Each structure stands twice: as C-alpha cells, then as structure tokens.
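# Okay, structure incoming, though there's no sequence with it:
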C-alpha cells in the first residue's frame, strides 16, 4: 500500500510527529507546548485516537496548566464518546476564555456528535468570528443543516465553503449528494461544469462532476471526469472506484477491472477492492476468475462474510452445491445478521429439493430477519412441498395482517401454490378481510 500519511501536511508537521513517535523509544527529545499542540492536532485531523491519546498524556505531563492541552483532551473525550466529561471540560474552558474560537469550535463539534445540530450551528457561527478556516466551518454548518432536513440552507453553506476554498472536497461531494437526493442532478451538472471551468485543477470538482454524470446515466462522460481527477491526483482512491463503476455500467469489464487494480496502491481496504473485482468477473459469468479474487479477499480478511457468501454463489453456478453450502454456512457464522446469506443457502436447498433442510434453516432464522416475508414466503413453499398444510395455513394467517398485500408475489415466485385452490382461496379471503373493498357512492 502506497499511502503517505503526511500527505497535505507541512514538512514541519511530519518532522515533529516522527520525532514524537521516536522519542517514546529514546526519550531524548523535548517539545515545547506549541509543538505538542501541533502534534496533537495532527493525530486529531487524521483520526488516530491512539496517537492523540499519547500526545495528550505526554503534553499534559509536561504542561499540566496548559489550557490548550486541556482543549485537546476535550477533543479526545469527544471522540471516545465521553460526552458529559468533554462538555464539562469545554464549558469550564469557555468560562475562562469566552472569546476563544477554538473552544467554540470544540463545543460545536461536541454538540454535533451529541446530535444537537442547533447548538452545534450556534457554536460554529461563534467559531467563525475570527475568519479562520471558514471553509471547514461553513462545511460543518452545512452538515448540521442537512441533519435537520434544511437542505436549502445546507446547499447555501456548502457553496459558501467553496467560495472560501474551491478545494474543500467534503463540501464539493456533499453538495453533489444533496442535489442527487433531491433529484436535482441537472442543476448539479450545470454547477460542476462551470466550477471546473473556473477551477480546472480541482480534483474534488472533477470527481463530483463524474458522480453527477453517473447519476444521470451519462457514464462515458462520467468516466472522462474521473480520469481527469486521477490525472490531477493519481492517489485519489475514490476516483478509481467511480471510474470502475462508469466502465461497469458501460459494459467495459476489462477497463473497470483495471481501474480497481490501479486503486489497490491507494486503499486501506484491499479486501473490499479485491471483492469488487471478483464481482465484476461474476457479472461477466467468469466464475473461476471471480473465485480467485474472492479467495484473495478472504485471505486478507478471513472474517469477510460477504466474500465467503459470493464464493458460495460461484460454486453454485459451477454446479458444486455441497461446496457452495459450506461457503454459505461460513458466511452465516461470520455475519448472521445478513439476510442474504441465509436466503442463498435456503434457495440452494430448494433448488436441490431439500425441503426439510430449507424449512429447518428458515424456521431457525426468520425471527431475526430484517425482511421476514422473504423468509416466510420460502417457508410456505417448503410446507407445501412437505405436505405440512396445517403449518402452511397457520403461517399464512399469522402473516396476513402485515403481509397480506404481498401474497400475490408468493404465487408469482412459486406457481405450484397458485395451482392449489385452497391456498388461493385462503389468501384471497384474508386479503378481503383485512382490506375490504370500499363502497362506492353515487356522485
């Protein structure tokens, strides 16, 4: 993996952090309070909780009276979810330094974590009074408005953030996503086309433009935009994923695979990328190559349940049903909350006419299912094939209040049930009982 953890940081920051990490071994370097603040802020920005904790502990040993180190401890508490303790510490700092915008920012961030967006916005507004890092603060305010469903205010603040800093990638992408959720991708496309004209070297803008193109189904243009972003910054991992999705949608599997392979040098989640490559080959009916990538994914992450499940799908397509069942079982053991793994194994049993095994599996898992009717519809067919009619009608009656409107899908998926007059009549009666036709009135 070729990722520079000091990318976008000044050389002085790199030197200080490396020296701090080295001094834990030698103890030969002294840092003044300003240097310890820089070190702690680096760990805070890269979300290295362990590093931040070490910097805070060391800094407070050296400078126990430093309010700035206390502020960093409050940030650490917030990240750890110690909200009451962080709030108490920040409130104390606010009383001591009511005009300190860093404390205001810390309170804004804390209230954001506590899901109190109105208070978060108020403190971010106070933090903006010094005019420092307004791009980040405006982006944060936009995020809080979005949480409240105030999308117009959210869009306005994302735009304000970009006026301050055209490279504010979070605001670029969140703006595109907000417009996508509102079905305003045409507006998004127009905005980003103008934006890249004004800022042709903004990798975030080209990436967001590529997303807008993809969401509009303009995949060739989306691929071009992602390639522009990669040309500006060859380490831009998400642009490789976007390019792969564009090429996949165009039916260009080799180009999509190459994009994902190229991304492997810039990701900290290699198993996910390997799994995605495997899925591309699976969609192309190249099951042997697909299996090779799924195997590579589980070698790097043996607990990757989805990849184990997809190994099962490959084996099933190749006619190796016993091996497929084993992979599905492994996926279930690793990720029992996923409906898909249980249903794939149940469907394998159904295709193999193993109705008793399928029924036992579905009975053991249906209660915890996110989509229980997907389990029950299969279980109903099992009961039908096994001649367990009392259980069949009991389950139909049990499910009727919640799922009667879905009963026609049972007959579409399992035509044999549609040929049983008693089952059809029972379902029809339950539907009419729970959803009787409304009387018509003469105008």
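Cool, got the structure. Remember, it's a predicted structure, so these values are computed and weren't measured experimentally.
# what about residue 12, neighbour count?
Here the count is done by other C-beta atoms under 10 Å, and residue 12 has 10 residues near it. Every C-beta, even on glycine, is put in place using the N, C-alpha and C of the backbone.
# got the contact list for it?
Residues in contact with residue 12 (C-beta atoms under 8 Å, 6 or more residues apart in numbering) are residue 38.
# Please give the element, helix or strand, for it.
Secondary structure from DSSP states H and E places residue 12 in helix 11-26.
# just the angle between the helix or strand just after that helix and helix 11-26, please?
Per DSSP H and E, the first helix or strand lying C-terminal to helix 11-26 is helix 33-45. Angular relation of helix 33-45 and helix 11-26 on a 0 to 180 degree scale: 100 degrees, by axes from the mean of the first three to the mean of the last three C-alpha atoms, to 10 degrees.
# average pLDDT for whichever helix or strand comes after helix 33-45?
Going down the chain from helix 33-45, the next helix or strand is helix 49-62, by DSSP H and E. For helix 49-62, the mean pLDDT works out to 91.
# mind listing what's buried in the next helix-or-strand element following helix 49-62?
Remark: after helix 49-62, the chain's next helix or strand is helix 67-79, criterion DSSP H and E. Residues of helix 67-79 classed as buried: 68, 69, 70, 71, 72, 73, 74, 75, 76, 77, 78, 79 (neighbour count, 16 or more other C-beta atoms under 10 Å).
# Please apply the same query to stretch 231-241.
Buried-residue list, stretch 231-241, by 16+ other C-beta under 10 Å: 232, 233, 236, 237, 238, 239, 240, 241.
# Please list the outside residues in contact with that stretch.
By C-beta under 8 Å, 6+ apart, stretch 231-241 touches 2-4, 7, 201-203, 206-207, 210, 226, 229-230, 259-260, 262-263, 265-267, 276.
# Go through the buried residues of helix 67-79 and say which is closest to residue 154.
Nearest to residue 154 among those: residue 78, at 22.8 Å, using C-beta to C-beta.
# picking that back up, distance to residue 37 for the buried residues of helix 67-79 - can I get that in JSON lines?
Output for the buried residues of helix 67-79, formatted as JSON lines (distance: C-beta to C-beta, whole Å):
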{"residue": "68", "distance to residue 37": "5"}
{"residue": "69", "distance to residue 37": "7"}
{"residue": "70", "distance to residue 37": "11"}
{"residue": "71", "distance to residue 37": "9"}
{"residue": "72", "distance to residue 37": "7"}
{"residue": "73", "distance to residue 37": "12"}
{"residue": "74", "distance to residue 37": "13"}
{"residue": "75", "distance to residue 37": "11"}
{"residue": "76", "distance to residue 37": "13"}
{"residue": "77", "distance to residue 37": "17"}
{"residue": "78", "distance to residue 37": "17"}
{"residue": "79", "distance to residue 37": "17"}
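# Show the residue spans covered by the strands in this structure.
Here the chain has no strands by DSSP state E.
# Show me which helix or strand of it is least confident by mean pLDDT.
helix 11-26 (a mean of 83; mean pLDDT, DSSP states H and E).
# Show me which residues of that one are buried.
Neighbour-count burial for helix 11-26 flags 13, 16, 17, 20 (criterion: 16+ other C-beta under 10 Å).
# Tell me if I'm right that the second one and residue 40 touch.
Looking back up the chat, that one is residue 16. No: Residue 16 is beyond contact range of residue 40, at 10.4 Å (criterion: C-beta atoms under 8 Å).
# List just the nearest of the buried residues of helix 11-26 to residue 57.
residue 20 (11.8 Å).
# nearest residue to the closest one other than its sequence neighbours?
In space, and not counting its chain neighbours, residue 20 is closest to residue 39: 4.9 Å by C-beta to C-beta, 6 or more residues apart in numbering.
# what do you get for residue 217?
residue 249 (7.8 Å).
# any idea how far the residue nearest the centre of the chain lies from residue 300?
Note on the chain: the residue nearest the mean C-alpha position is residue 272, at 12.3 Å, using C-alpha atoms, centre = their mean. For residue 272, the distance to residue 300 equals 10 Å [C-beta to C-beta, to the nearest Å].
# now swap in residue 212 and tell me
Counting by C-beta to C-beta - residue 212 and residue 300 are separated by 33 Å.
# more crowded one of these two?
For the pair residue 212 and residue 300, the greater number of neighbours falls to residue 212 (26 against 16), based on other C-beta under 10 Å.
# Please list all residues in contact with that one.
Contacts here follow C-beta under 8 Å, 6+ apart; on that basis residue 212 touches 176, 179, 180, 185, 188, 189, 192, 222.
# ok, now with 7 Å
By C-beta atoms under 7 Å, 6 or more residues apart in numbering, the residues touching residue 212 are 176, 185, 188, 189, 192.
# now, which of those residues sits nearest residue 296?
Nearest to residue 296 among those, with distances taken as C-beta to C-beta, is residue 176, at 32.5 Å.
# Would you confirm that that closest one contacts residue 211?
Yes: in this structure residue 176 lies within contact range of residue 211 using C-beta atoms under 7 Å: 5.3 Å.
# re the thing from before, any figure for the gap between the residue nearest to residue 217 and residue 189?
Taking C-beta to C-beta, one finds residue 249 at 17 Å from residue 189.
# and if you look at residue 420?
53 Å.
# out of the two, which sits in the more crowded spot?
residue 189 (19 against 15).
# ok, and the closest non-adjacent residue to that one?
Once flanking residues are discounted, residue 189 sits nearest to residue 212: 4.7 Å by C-beta to C-beta, 6+ apart.
# Quick check, pLDDT for that neighbour.
For residue 212, the predicted pLDDT is 97.
# From residue 260, how far out is it?
Taking C-beta to C-beta, one finds residue 212 at 22 Å from residue 260.
# From residue 387, how far out is residue 356?
In this view, residue 356 and residue 387 are 11 Å apart by C-beta to C-beta.
# out of those two, which sits in the busier spot?
When neighbours are counted by other C-beta under 10 Å, residue 356 and residue 387 differ, and residue 356 comes out ahead with 13 against 10.
# Quick one: residues contacting the more buried one.
So residue 356 contacts residue 386 (C-beta under 7 Å, 6+ apart).
# Look up how far residue 363 lies from it.
Counting by C-beta to C-beta - residue 356 and residue 363 are separated by 11 Å.
# ok, now residue 114?
42 Å.
# ditto for residue 163
With distances taken as C-beta to C-beta, residue 163 is found 60 Å from residue 363.
# what's the answer for residue 84, then?
Distance from residue 84 to residue 363, by C-beta to C-beta: 45 Å.
# How about residue 228?
Shown here: residue 228 relative to residue 363, a distance of 54 Å by C-beta to C-beta.
# The two: which has the busier surroundings?
residue 228 (20 against 14).
# got a list of what the closest residue to that one other than its chain neighbours touches?
Leaving aside its sequence neighbours, residue 228 sits nearest to residue 206 (C-beta to C-beta, 6+ apart; 4.4 Å). Residues in contact with residue 206, defined by C-beta under 7 Å, 6+ apart, are 196, 225, 228, 229, 232.
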